[in-house]
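Novice: Just the structure for this:
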Amino acid sequence: MKKKHLQVLFFFCILFINAQNKEEIKNFFWNANDTFGSINSVPEKYKNESAVIIYKNENYDFHKFGKSVTYTSSVRKRIKLQDQAAITEFSEFSFKDRFYSNKGFSLKRGTITLGIKIIKPDGKEIEIDVNKESVKEDDAKKVAISNLEIGDIIDFYYHSVEPFKSISEFGFEPVETTLGETYPILDLKITFQTENDFFVNFNSYNGAPELKKIETKKSNERKYELTASNVAKNDFPRWFLPLVELPCYKFQVFFARSGKFEQRADAFLSEKESEIKETVSKEDILDYYTNKFYPSGNLNDVNDFLKGKSFASEEEKLKEIYYFTRHQFYTRYIEAYILSETKIIPFPYELYESYPIFFNSEEQFIRYFMAYLKKNDIDYDIIVATGRENGPIKDILIQQNARVLLKINTKEPIYFGIFTPYSLPNQFDTSLENTNAYALKITNNKKVTDIEEIKLPGSSNENNISKIEITTHFDPSNNSLKIDRTTSLYGNNKSFEQSNKMNFYDFINEDYEKYGTKPLLDLVRNKKMKDKYKKEYDALLQKMKDKQNENLKKATEDEYEIKVEDFSFAILNTGRYSETEPFKYKENFTIKDYFIKKAGTNYIIEIGKLIDSQVEISEKEHKRDNNIYSAFPRTFNYVIHFSIPEGYSVTGLEKLNKTIQNETGSFISTAIVDGTTLKLEATKKYNHDFEPAANWQKMIAFLDAAYQLTQEKILLKKN
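Specialist: Here you go, the predicted model:
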């Protein structure tokens with residue numbers, strides 16, 4: 001009985017502590033000294049805005065005690081709602097009040113506290129009882145805010161406490177964001193608090209205010225602030241990189257207890273934790289990467305592969321080594337990984353003659369290839385780059401934003417930048433194309449000794465091509481279109497789709513056959529166990545293939561925005577062994593009652609909708625002040641062969657012929673009738689990956705022409 005009483009007492013103590021903490025958090029934001037608590041109006045110039053943020057306050061606090069580390073973050077916003085759209089946006093809040101930290105080496109529970117109050121135009125304040133009003137939905141809680149009206153102010157805060165344990169180095173997730181939001185901000189304040197063993201990288205860009213140090217009473221504690229007023233609202237249109245052009249800030253905090261942990265840190269750290277690191281120089285890059293990449297690996301497998309082989313050039317030889325390495329240290333063990341994860345075979349790696357060496361990162365592959373280049377006295381550089389969405393390489397601040405490539409200085413330079421089951425030589429992240437990067441120069445194939453700035457190559461719309469050929473048969477008897485569609489993808493268009501449309505079983509046997517290696521189940525000697533594993537594996541594969549077919553069917557339905565029937569999919573060429581060979585696949589499906597309208601004895605066919613969906617530029621988007629950053633230059637070619645049913649003729653071809661060409665791109669479509677077939681061909685080209693805002697109307701011209709084709713129809717007229 002006494003034990004039960006103690007448990008009840010402990011339970012109520014916990015409730016009291018939690019309530020006390022919540023009251024302290026509430027008082028932190030809403031207190032008698034709150035300067036912004038009495039501001040209920042906004043300047044006249046903002047009267048037509050959907051909403052105005054009167055005050056935004058972000059706080060980041062990093063502290064440690066022994067092995068325990070606590071990361072506290074919070075945000076408060078006081079917002080005036082000025083139209084129905086804003087009311088709808090803020091009528092519901094979703095949050096997790098408890099979570100488990102994934103940081104450090106211990107599983108500790110964190111908490112999130114939400115506070116909300118409504119201020120009516122007459123000044124009346126209504127505080128929402130979040131605990132009472134929230135309802136559980138899946139793994140989160142939701143709070144609905146009723147009776148919001150135009151002119152109300154909503155004042156809310158999120159407060160998160162995340163504790164964990166760490167004895168070494170640890171990097172917190174970086175924050176990279178624009179100063180402004182979709183609504184104007186009258187006053188903005190961001191605060192940081194850290195202490196010893198916490199390193200801070202922070203900088204402001206594109207005109208954002210600088211971070212200022214606030215003096216504290218304790219020498220081991222540090223506090224910083226960034227303040228701004230009348231922050232303009234931001235537009236985030238399509239094909240735009242906000243961090244490149246808009247006022248923004250970036251920061252990351254890194255925890256490292258001592259010198260050895262500082263050296264191991266995956267970050268560009270300042271020399272002293274008391275100093276904010278604002279820039280990363282070429283010398284910082286050189287220092288960081290000098291010892292990160294080194295030749296490493298046993299080359300016996302590659303040497304065995306090369307025996308008795310001859311190659312037309314050094315470039316061809318290196319590419320074939322790349323493909324071999326991709327299989328030998330990656331795809332060869334995919335089946336083992338799958339069978340292990342699904343517990344079909346408990347210890348599949350034991351079936352191999354020697355324990356597998358599996359490359360699960362690009363860094364491992366680069367080090368291995370460096371070993372081959374060093375052994376064979378082939379000149380190479382290590383390239384450090386960053387995606388253009390992060391801004392120029394000279395402004396790199398967050399180490400996680402750096403990408404590393406290997407550049408082999410053959411007669412025609414070769415870049416190795418991605419290591420996946422589908423990757424190819426000279427393929428790297430498209431965001432790196434045409435960007436400036438740093439080349440770490442290797443002396444005598446041994447050591448990094450120098451660094452220089454270079455420009456990475458780009459691709460053109462002659463490299464990145466999608467060719468879609470469609471044959472369709474119309475059956476008037478059941479109002480259906482039978483579609484056979486073959487797609488061939490090249491360049492970046494290929495790499496974008498391979499992982500979406502292929503699974504390991506689509507290519508693994510291709511690799512086994514090419515390199516004379518055996519499927520995993522062929523290594524099982526016990527016939528009884530082999531039969532058991534095969535039965536379970538076949539069932540797993542069938543389940544995966546059914547799911548894949550379902551997903552591909554849904555993707556086709558989403559593309560056309562309709563339902564399809566009798567869907568099938570087949571890969572004709574994986575495109576994994578050549579930069580010039582396409583990834584090619586075929587889809588067959590039937591469309592019923594869509595794109596077809598009966599008009600007496602005639603039929604109206606929405607022929608333009610048979611090409612995939614096109615970009616629709618809304619009226620609001622026509623005015624644009626921001627530059628345009630599209631993915632990469634590319635070409636889309638569509639050819640439709642429409643079989644004209646017996647007894648019918650086609651009219652309305654004139655609207656299918658369009659030509660728009662300018663410096664930004666083009667759209668050309670032609671339609672002809674050849675015997676009993678209508679052939680419609682359309683080609684859209686994006687010429688560049690960047691256009692100045694002044695060229696936006698020129699882009700709209702060919703984009704609108706492409707979209708307009710999808711709205712065009714033909715008439716099948718009964719003869």
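
Novice: dump the residue contacts of residue 649.
Specialist: By CB atoms under 8 Å, 6 or more residues apart in numbering, residue 649 lies in contact with 716, 717, 719. All C-beta spots, glycine's among them, are computed from the backbone N, C-alpha and C.

Novice: In a markdown table: those, plus secondary structure.
Specialist: Formatted as a markdown table, the contacts of residue 649 follow (DSSP: H, G, I helix; E, B strand; the rest coil):
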| residue | secondary structure |
| --- | --- |
| 716 | strand |
| 717 | strand |
| 719 | coil |
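
Novice: Among those, find the lowest-pLDDT one for me.
Specialist: The lowest pLDDT within those belongs to residue 719, with 85.

Novice: okay, now that residue: neighbour count?
Specialist: 7 (other CB atoms under 10 Å).

Novice: Also residue 39?
Specialist: Neighbours of residue 39 under the rule other CB under 10 Å: 16.

Novice: and what of residue 503?
Specialist: With other CB under 10 Å as criterion, residue 503 counts 17.

Novice: wait, isn't it in contact with residue 544?
Specialist: Yes: Residue 503 lies in contact with residue 544 (CB atoms under 8 Å); the separation is 6.4 Å.

Novice: quick one, helices of this structure?
Specialist: 2-29, 84-89, 130-133, 242-245, 259-264, 282-290, 300-306, 314-328, 334-341, 362-375, 491-501, 508-515, 527-560, 696-709 (DSSP state H).

Novice: Dig out what residue 157 forms beta bridges with.
Specialist: residue 76, residue 115 (DSSP bridges).

Novice: That one: neighbouring residues, count only.
Specialist: Neighbour tally, residue 157, other CB under 10 Å: 21.

Novice: if I look at it, how far off is residue 24?
Specialist: 13 Å (CB to CB, to the nearest Å).

Novice: same check, this time on residue 491
Specialist: Counting by CB to CB - residue 491 and residue 24 are separated by 57 Å.

Novice: What of residue 470?
Specialist: 65 Å.

Novice: quick one: which of these two has more around it?
Specialist: Higher neighbour count among residue 470 and residue 24: residue 470, with 20 against 11, using other CB under 10 Å.

Novice: List the contacts of that one.
Specialist: 483, 484, 485, 486, 610, 611, 638, 639, 640, 641.

Novice: just checking, the last one touches residue 679?
Specialist: Looking back up the chat, that one is residue 641. Yes: if you go by CB under 8 Å, residue 641 and residue 679 touch, sitting 5.8 Å apart.

Novice: Mind checking which of those two has more residues around it?
Specialist: Each of residue 641 and residue 679 has its neighbours counted (other CB under 10 Å); residue 641 has more, 16 against 13.

Novice: what's near enough to touch the closest residue to that one other than its chain neighbours?
Specialist: Distances taken as CB to CB, 6 or more residues apart in numbering place residue 471 nearest to residue 641, at 4.6 Å, with adjacent residues excluded. By CB under 8 Å, 6+ apart, residue 471 lies in contact with 483, 484, 485, 641, 643.

Novice: can you check residue 82 too?
Specialist: 47, 48, 49, 50, 51, 52, 150, 151.

Novice: phi, psi of it?
Specialist: Dihedral pair for residue 82: phi -120, psi 0, per degrees, to the nearest 10.

Novice: got any ranges where the stretch 1-150 of the chain has weak pLDDT?
Specialist: The stretch 1-150 of the chain contains residues with pLDDT under 70 at 1-20, 100-101, 103-107.

Novice: Which parts of it are strands?
Specialist: If DSSP state E, counting those that start in this stretch is used as the criterion, the strands of the stretch 1-150 of the chain fall at 51-65, 68-81, 92-95, 98-100, 109-119, 125-127, 135-137, 140-144.

Novice: Which among those is found nearest to residue 590?
Specialist: Comparing the strands of the stretch 1-150 of the chain by their distance to residue 590 (CB to CB), the top pick is strand 135-137, with 38.4 Å.

Novice: Pull up the pairing partners for that closest one, direction included.
Specialist: Sheet pairing for strand 135-137, using DSSP bridges, gives strand 140-144 (antiparallel).

Novice: got the angle for the partner strand vs strand 109-119?
Specialist: Per axes from the mean of the first three to the mean of the last three CA atoms, to 10 degrees, the angle that strand 140-144 makes with strand 109-119 is 10 degrees.

Novice: Alpha carbons only: can I get strand 140-144 in CSV?
Specialist: The C-alpha coordinates for strand 140-144 follow below in CSV (Å, rounded to 0.1, in the frame of the first residue of the first chain):
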residue,chain,number,x,y,z
ALA,A,140,0.6,13.8,-33.6
LYS,A,141,-1.9,16.1,-31.9
LYS,A,142,-4.1,18.6,-33.7
VAL,A,143,-5.7,21.8,-32.3
ALA,A,144,-8.6,23.4,-34.2
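
Novice: Which parts of it count as buried, going by neighbours?
Specialist: Using 16 or more other CB atoms under 10 Å as the test for burial, strand 140-144 gives 141, 143.

Novice: ok, residues contacting that strand?
Specialist: The contact list for strand 140-144 (CB under 8 Å, 6+ apart) reads 91-97, 114, 116, 128, 130, 133-135.

Novice: you'd agree residue 285 is up against residue 453?
Specialist: No: Residue 285 lies out of contact with residue 453 (CB under 8 Å); the separation is 10.3 Å.

Novice: who's more crowded, these two?
Specialist: Taking other CB under 10 Å, residue 285 and residue 453 do not tie; residue 285 has more neighbours (19 against 11).

Novice: show me what contacts the more buried one?
Specialist: Residue 285 touches 268, 384, 396, 402, 438, 440, 451, counting by CB under 8 Å, 6+ apart.

Novice: ok, now how distant is the fourth one from residue 417?
Specialist: With the distance defined as CB to CB, residue 402 ends up 13 Å from residue 417.
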